[in-house]
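Enquirer: Predicted structure and sequence below. I'll ask about it afterward.
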Amino acid sequence: GFSLWSIVLAVVGAILLPIVKLVPASRDKKRDRARAVMSAGLRFFIGVMHRSGALTYEFHGRERLGRYGQMVVANHPTLIDVVFLLAFIPTAGCVVKQGLWRNPLTRWAVTLAEFIPNDQTASMIEGAASALRDRQSLIFFPEGTRTRPNQPMVFHRGAANVALRAATELTPVYIRCEPTTLTKSEPWYRIPARRPHFSLIDGEDLDLSPYRNTPLPLASRALNEAMHRHFQQELAHQ
């Protein structure tokens with residue numbers, strides 16, 4: 001799987017995306033083409049992993065994702081959560097770690113797709129809000145990094161702050177993986193005893209209106225706490 005992953009990244013990053021950059025088009029068109037190419041490569045990767053029996057998955061409600069100005073927030077139990085989301089939301093941008101710009105296999109992808117680095121909070125918030133105002137959809141992980149197994153989720157206020165500034169809709173996606181694999185605390189090569197099953201469920205939109213008449217610092221804190229409670233409750237019931 002990781003060998004295939006490296007091949008897909010190399011083909012997309014070193015061949016397909018440079019072609020996208022060279023073909024004349026507007027900046028927005030190049031961005032959308034880059035995201036579509038990357039999404040197709042990720043769907044291919046997931047499809048091969050699924051058909052080979054390395055993993056199974058289900059993704060309920062994905063047809064509701066990718067709307068204009070929609071912010072998709074998700075919990076982050078495994079290393080490849082973002083792979084599933086980007087694969088099935090081909091128009092979406094994403095807030096990702098700064099290190100991807102230093103990796104030669106991913107630099108082209110994150111640059112041409114105009115993803116947003118999470119290195120500096122102020123610039124990240126403004127960049128994410130600007131993307132939503134531009135009617136893009138955006139994927140955001142409020143935890144900022146993967147959940148540690150058997151530890152509570154910790155949400156940071158950046159996602160709530162961005163949502164209140166610019167999102168037209170705030171849509172949760174609940175992610176589970178059984179048995180756990182590719183978590184924060186274990187090496188990537190530690191394979192579980194049976195194949196992992198990934199479950200991604202699109203939830204009902206969270207109502208932003210009660211928070212928008214409150215000063216932003218207080219509103220973002222309240223929304224972040226409400227999101228955190230919501231995810232805890234929904235994941236406990238799944």
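Expert: Alright, I've got the coordinates.

Enquirer: what packs against the longest helix seen in the chain?
Expert: As far as residue count goes, and with DSSP state H defining each element, the longest helix of the chain is helix 27-51. On a contact count with 3 or more Cβ pairs under 8 Å, 6 or more residues apart in numbering; DSSP states H and E, helix 27-51 meets helix 2-11, helix 17-22, strand 56-60, helix 81-88, helix 107-112. To be clear about C-beta, it is placed using only N, CA and C from the backbone, and glycine gets the same treatment.

Enquirer: now the worst-scoring helix or strand of the chain on mean pLDDT: how far from the chain's centre is it?
Expert: The helix or strand of the chain with the poorest confidence is helix 107-112; it has a mean of 87 (mean pLDDT, DSSP states H and E). Between the centre of helix 107-112 and the centre of its chain there are 15 Å (Cα atoms, centre = their mean, to the nearest Å).

Enquirer: counting contacts, what elements does it pack onto?
Expert: Checked by 3+ Cβ pairs under 8 Å, 6+ apart, helix 107-112 has helix 17-22, helix 27-51 packed alongside it.

Enquirer: Out of the ones you listed, which one sits most buried?
Expert: Taking mean count of other Cβ atoms under 10 Å as the contact definition, the stretch among the helices and strands packed on helix 107-112 with the greatest mean neighbour count is helix 27-51, which reaches a mean of 17.

Enquirer: Residue ranges in the protein under the pLDDT threshold?
Expert: Under the criterion of pLDDT under 70, the regions of the chain flagged as low confidence span 238.

Enquirer: if you set the cut-off to 80 instead, what comes out?
Expert: In the predicted model, the chain carries pLDDT under 80 at residues 105, 120, 237-238.

Enquirer: before we move on, back to that, and the contacts of the helix or strand just after the least confident helix or strand of the chain?
Expert: Moving toward the C-terminus from helix 107-112, the next helix or strand (DSSP states H and E) is strand 116-117. Counting by Cβ atoms under 8 Å, 6 or more residues apart in numbering, the neighbours of strand 116-117 from elsewhere in the structure are 93-98, 100-101, 110, 123-124, 127-128, 131, 138.

Enquirer: what lines up beside strand 116-117 in the sheet?
Expert: Sheet pairing for strand 116-117, assigned by DSSP bridges, gives strand 93-96 (parallel).

Enquirer: before we move on, back to that, got TSV for the helices and strands packed on helix 107-112, with distance to residue 169 too?
Expert: Listed next are these as TSV, based on distance: least, Cβ to Cβ, whole Å:
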stretch	distance to residue 169
helix 17-22	28
helix 27-51	19
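
Enquirer: mind checking which of the ones you listed is nearest residue 74?
Expert: Of all the helices and strands packed on helix 107-112, it is helix 27-51 that lies closest to residue 74, at 15.2 Å by Cβ to Cβ.

Enquirer: returning to that earlier point: for ChimeraX, what selects the buried ones among the contacts of strand 116-117?
Expert: Selecting in ChimeraX just the buried members of these, where the criterion is 16 or more other Cβ atoms under 10 Å, is done with this command:
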select :93,94,95,96,97,100,110,124,127,128,131,138
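
Enquirer: Sort out which one of the contacts of strand 116-117 lies nearest residue 155 for me.
Expert: residue 95 (13.7 Å).

Enquirer: So that closest one sits against residue 114, correct?
Expert: No: the pair formed by residue 95 and residue 114 falls short of the contact definition of Cβ atoms under 8 Å, at 11.5 Å.

Enquirer: nearest spatial neighbour of residue 46, skipping sequence neighbours?
Expert: When the adjacent residues along the chain are set aside, residue 46 lies closest to residue 87, with 5.5 Å between them (Cβ to Cβ, 6 or more residues apart in numbering).
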